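Peer 1: quick one, structure for this:
(one chain, ligands or ions: 1)
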Amino acid sequence: MPELPEVETVRTTLQTRLLGRVIERATIKRRDMLVVPGDPPGGFSRSARGAAPRFRRVRAADLLGGDRVDGVLRHGKQLAIVGASGRVLCVHLGMSGALLWRAPGKRLERADHVHAHWRLDDGSRLVFRDPRRFGGLWSFPGMDNLRLARWDALGPDALAVTSAQLGRALARSRRPVKAALLDQRAIAGVGNIYADEALFGSDIDPRRPAESLTRTETTRLARAIRGVLARAVRARGSTLRDYRDADGDPGAFQLAHSVYGRAGLPCHACGSPLASALVGQRTSVWCNACQA
Ligand SMILES: [Zn+2]
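Peer 2: Predicted structure coming up:
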């Protein structure tokens, strides 16, 4: 699943490729992968798919057709492509989604599961592909609408989270700190891999109740979250199964994981075998000797 560093890598690549370009043609192939104003509430939810909800007809402008790209933003794991008209297309990659940019004349390796595509005025193309369809597209008249409908419900972005913000997110919660970190309403963009890595980096046991963390530990954890995410962004993300950045290249950060995927192997810091168990319903790996 693409996590924050992977989505940030896609964002910076698209910012370079798309900025100032005019979208000449926009095509949606699977209508239920796009939500536009006027659709039934929750129109794109998985449960609604079987019930064949009535969607309103898509206009090219809903997908930024005819618009010039003014910027590509990110909050947590969501992207927003902003048009010069003010209209915004929010993209969530879900479990297996990818936004791929292709130079003029260059073909896609896989043309299946393509739900939407765009042609730009330099002949390049942008493609939204999502085999498992947990991702999706949302069209909004402006950034304010996007924030109100989606981003305001998320916590502060993890790449820049301060210790004060993290302290507020963890306070008065008896959940394991690992579960609190994964809650996107508390802090946006921490997934399973980077939660385990940040807890290891700050010597905190993932099973500790969130509210039991001291101020010093919260400060250490906030620094570890920012640090591990920033290092992963520099390595252009982690490629576990099928993640590729917008140019189709894999990331390299999987080579630098300290605990994730290393259950039973020796801890890099002390050599004792790493422990593993379900914490907050997710497989977690930690060092019983280093993390208290
Ligand atoms: Zn250790």
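Peer 1: chain neighbours aside, what residue packs nearest to the residue nearest the centre of the chain?
Peer 2: Of all residues in the chain, the one closest to the mean position by C-alpha atoms, centre = their mean is Lys77, 2.2 Å from it. Leaving aside its sequence neighbours, Lys77 sits nearest to Val7 (C-beta to C-beta, 6 or more residues apart in numbering; 5.0 Å). Where C-beta positions appear, they are placed from N, C-alpha and C, glycine not excepted.
Peer 1: residues touching that neighbour, list them.
Peer 2: Contacts for Val7 (C-beta atoms under 8 Å, 6 or more residues apart in numbering) come out as 74, 77-79, 93, 189.
Peer 1: these also near the ion: which ones?
Peer 2: Applying C-beta under 5 Å from the ion, the subset of the contacts of Val7 adjacent to the ion is empty.
Peer 1: how many neighbours does the nearest residue to Leu154 once chain neighbours are set aside have?
Peer 2: Distances taken as C-beta to C-beta, 6+ apart put Ala188 closest to Leu154, at 4.0 Å, once the chain neighbours are dropped. By the measure other C-beta atoms under 10 Å, the count of residues near Ala188 is 23.
Peer 1: ok, Leu18 next?
Peer 2: For Leu18, using other C-beta under 10 Å, the count is 24.
Peer 1: how far does whatever helix or strand the residue nearest to Lys77 lives in sit from the chain's center?
Peer 2: Under the criterion of DSSP states H and E, Val7 resides in helix 4-18. Its chain's average C-alpha position is 11 Å from that of helix 4-18, according to C-alpha atoms, centre = their mean, to the nearest Å.
Peer 1: which residues touch the helix or strand just after that helix?
Peer 2: Later in the chain than helix 4-18, the nearest helix or strand by DSSP H and E is strand 23-28. Applying C-beta under 8 Å, 6+ apart, the contact partners of strand 23-28 are 34, 58, 60, 63-69, 83, 115-121, 137.
Peer 1: check stretch 9-17 too.
Peer 2: Residues outside stretch 9-17 that contact it (C-beta under 8 Å, 6+ apart): 2, 71-74, 79, 81, 93, 98-99, 101, 124, 126, 233, 236-237, 245-247, 251.
Peer 1: same question for stretch 220-228.
Peer 2: Residues from elsewhere that reach stretch 220-228 (C-beta under 8 Å, 6+ apart): 158-163, 165-166, 177, 181, 187, 190, 194, 197-199, 201-204, 213.
Peer 1: now, of these, which are buried?
Peer 2: Among the contacts of stretch 220-228, those classed as buried by neighbour count (16 or more other C-beta atoms under 10 Å) are 158-159, 161, 163, 165-166, 177, 181, 187, 190, 194, 197-199, 201-204, 213.
Peer 1: okay, helices next: where are they in the chain?
Peer 2: Under the criterion DSSP state H, the chain contains helices at 4-18, 46-50, 143-149, 163-170, 177-182, 192-201, 215-234.
Peer 1: mind putting the ones you listed into TSV with mean pLDDT?
Peer 2: Below are these laid out as TSV (pLDDT from 0 to 100):
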stretch	mean pLDDT
helix 4-18	94
helix 46-50	52
helix 143-149	96
helix 163-170	96
helix 177-182	97
helix 192-201	96
helix 215-234	95
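Peer 1: minimum distance to Gln281: which of those has it?
Peer 2: helix 177-182 (7.8 Å; C-beta to C-beta).
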